[in-house]
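**Q** Predicted model and sequence below, questions to follow.
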Amino acid sequence: MSHEVLTCAQMAKADAFAVAHGVASLTLMENAGRAVADAIAARFKPCAVTVLCGPGNNGGDGFAVARLLDEHGFTVRVAHDADPRGDAKAMSERWKGARLALTPAALDGAKLVVDALFGAGLSRPLEGASARIVEALNDLPVVAIDMPSGVSGDTGQSLGGVSVKAVLTVTFFRKKPGHLLQPGREACGEIVLADIGIPDAAADTLLFENTPSLWSYPYPKAVGHKYDRGHVVAVSGPAHATGAARLAARGALRIGAGLVSVASPPDAMGVNAAHLTAIMLKPFEGAAGLAEILADRRLNAVVIGPGLGVGGETRALVDIALKSGAAVVLDADALTSFQDDPEALFNRLHDKCVLTPHAGEFERLFPGLLDEAGGKVEAVRMAAARAGAVVLLKGGDTVIASPSGKAAINANAPPTLATAGAGDVLAGFIAGLLAQKLATFEAAACGTWLHGAAADRFGPGLIAEDLPEILPEVLDLL
């Protein structure tokens, strides 16, 4: 399966590319209708179906679905309130069955509804008859064509107070951002991606769904040794806040770094020593002490921020880490410590840095950007360009972007990942991969996907400590 993600504008260009290369637009519509009808027939027994058709191409797909479901033995009615246009008109003329006005009464007796009102390209709230019938859907199962109507294909956000919640969404050629970003992903239900005859060459994009096709996990070489796999340093906070750094360290070791050390201030040595076995312990005092540790160039990756505290001391430690020449993952307090002067951080960053903020930390570093950019993907891209480093905005729909504009949306994270310490483990995963010399974007994408897959593998009851321990089962399945 291909994992490029196309915006609505890019999808329109892909359709045009297909037509320019000999695929008739009506053929694309027929193929789309067949894909939806086949997906429905594979999941539902023949029953009473109401197909809601809008006036554009999405509605044309709906008329094709109605005809093809009728051939599958379903009892089908089409509800619409406007004359179809273009190819949709031709497809409408092929439908010889029942037609109803687009009112809530069209749902009477229906056991299944097909949403062919507007699809992904809608840019305004549902209104009028469309809004009224969507409000009346209640608990009826809905199959959406392309995108649940009322949900933006580009952002996944509801365009107003009314939108469709589907049990199945069938889309074509490539997914759109709204299929992967929340709350659009949840509104789609199960997503089926169908080939309708558009050539692969039409998928021109720098946006991807984060899957193993984007990166290669760095398996150990038969002739290698632990020193080939890098040495991560996780910088610990004071005695009362050491757990976060240890979680990061454990994540780095489990994901394959050859060696991992916790750099510990003197007051935290005892508590860290009591909890560490395979992970080494290196005492340090202040920025000068950390500089002494990192002067050893074999220590080639640093994860800094979890449990470190906010303030000038943390800023000084970050400065040392960034000057060391090592790859650096900056998380949590390492980010918030620069909230009053983000440019001071950005001016220090280099091409081996990954920033891993959650939404609050992102807002502190890039105030207003999520609103200004008009969407999560563009906001993270702009942040990466501004910072000059890879930025990973954590969440149920984590987005990763590089300064070049390449971006990925991660869609495999279960809600159980919303637990204390999970982000610390993710920072450690990424640092461990950087130590093994994965490039920054690939390390961030790989670590994020493995993090989600580990949580999904573990299931309910997950706590952060479980993530490194379940990871080998996930790696065994790659």
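**A** That came through fine. Since the model is a prediction, treat every value here as computed from it, not as a measurement.
**Q** Could you list the low-pLDDT ranges of this protein?
**A** Residues of the chain that meet the criterion pLDDT under 70 lie in 1-2.
**Q** What residue spans form the domains of it?
**A** Per the record, the chain has its domains at 15-203, 212-475, by automatic domain parsing.
**Q** buried ones in the helix or strand where V51 lies?
**A** For V51, the element it lies in under DSSP states H and E is strand 48-53. Of the residues in strand 48-53, those buried by neighbour count under the rule 16 or more other C-beta atoms under 10 Å are V49, T50, V51, L52, C53. Yep, even glycine has a C-beta here, placed from its N, CA and C like the rest.
**Q** Is it possible to get a markdown table of the residues you listed that adds distance to A408?
**A** As requested, the buried residues of strand 48-53 are arranged in a markdown table below (distance: C-beta to C-beta, whole Å):
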| residue | distance to A408 |
| --- | --- |
| V49 | 37 |
| T50 | 38 |
| V51 | 35 |
| L52 | 34 |
| C53 | 35 |
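**Q** Of the residues you listed, which is the nearest to N300?
**A** Distance to N300, by C-beta to C-beta, is smallest for L52 among those, at 57.4 Å.
**Q** right, and R124 touches L159 too?
**A** Yes: at 6.3 Å, R124 counts as touching L159 under the criterion of C-beta atoms under 8 Å.
**Q** Between the two, point out the one with more neighbours.
**A** The neighbour comparison of R124 against L159 (other C-beta atoms under 10 Å) goes to L159, with 17 against 9.
**Q** list the contacts for the more buried one?
**A** By C-beta atoms under 8 Å, 6 or more residues apart in numbering, the contact set of L159 is L122, S123, R124, P125, L126, G150, V151, S152.
**Q** ok, back up a step: among the buried residues of strand 48-53, pick out the one closest to D83, please.
**A** Nearest to D83 among these, with distances taken as C-beta to C-beta, is C53, at 10.9 Å.
**Q** Bridge partners for the closest one, pull those for me.
**A** On the basis of DSSP bridges, C53 takes part in beta bridges with A116.
**Q** any idea how far G459 is from the closest residue to P306 other than its chain neighbours?
**A** Counting by C-beta to C-beta, 6 or more residues apart in numbering, A244 is the residue found nearest to P306 once chain neighbours are left out, at 3.3 Å. From A244 over to G459 the distance is 24 Å, taken as C-beta to C-beta, to the nearest Å.
**Q** try I293
**A** Using C-beta to C-beta, I293 is found at 39 Å from G459.
**Q** Next: A131.
**A** When distance is defined by C-beta to C-beta, A131 is 39 Å away from G459.
**Q** that older thread, I293 and G459 - which one has more neighbours?
**A** Higher neighbour count among I293 and G459: I293, with 18 against 11, using other C-beta under 10 Å.
**Q** phi, psi of the more buried one?
**A** The phi and psi torsions at I293 (degrees, to the nearest 10) take the values phi -60, psi -50.
**Q** quick one: P403 and M382 touch, right?
**A** No: contact between P403 and M382 fails when scored by C-beta under 8 Å: they sit 10.2 Å apart.
**Q** for A249, what are its contacts?
**A** V232, A234, V260, S261, V262, L276, I279, V303, G428.
**Q** nearest to P367, of those?
**A** Using C-beta to C-beta, these come closest to P367 at V303, 25.2 Å.
**Q** The closest one: neighbouring residues, count only.
**A** Using other C-beta under 10 Å, V303 has 35 neighbouring residues.
**Q** What residues of stretch 299-316 count as buried?
**A** Of the residues in stretch 299-316, 299-310, 314-316 count as buried by neighbour count, 16+ other C-beta under 10 Å.
**Q** which two in the residues you listed are spaced the farthest apart?
**A** Greatest spatial distance in the buried residues of stretch 299-316: N300 and V310, 26.9 Å, computed using C-beta to C-beta.
**Q** Report the separation between the two terminal residues of stretch 177-188.
**A** 12 Å (C-alpha to C-alpha, to the nearest Å).
**Q** How far away from the center of its chain is that stretch?
**A** The chain centre lies 9 Å from the centre of stretch 177-188; the measure is C-alpha atoms, centre = their mean, to the nearest Å.
**Q** For F63, which non-adjacent residue is closest in space?
**A** Nearest non-adjacent residue to F63, counting by C-beta to C-beta, 6+ apart: M91, 4.3 Å away.
**Q** Which parts of the stretch 101-250 of the chain are strands?
**A** All strands of the stretch 101-250 of the chain, identified by DSSP state E, counting those that start in this stretch, fall at 112-116, 142-145, 168-172, 190-194, 207-209, 231-235.
**Q** could I get those as TSV with distance to A413 and mean neighbour count?
**A** Compiled in TSV, the strands of the stretch 101-250 of the chain are given as follows (distance: least, C-beta to C-beta, whole Å; neighbours: other C-beta atoms under 10 Å):
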stretch	distance to A413	mean neighbour count
strand 112-116	27	28
strand 142-145	23	29
strand 168-172	19	26
strand 190-194	16	16
strand 207-209	13	23
strand 231-235	22	30
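**Q** Throw those strands into CSV and include distance to D38, thanks.
**A** Formatted as CSV, the strands of the stretch 101-250 of the chain follow (distance: least, C-beta to C-beta, whole Å):
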stretch, distance to D38
strand 112-116, 13
strand 142-145, 12
strand 168-172, 9
strand 190-194, 8
strand 207-209, 23
strand 231-235, 49
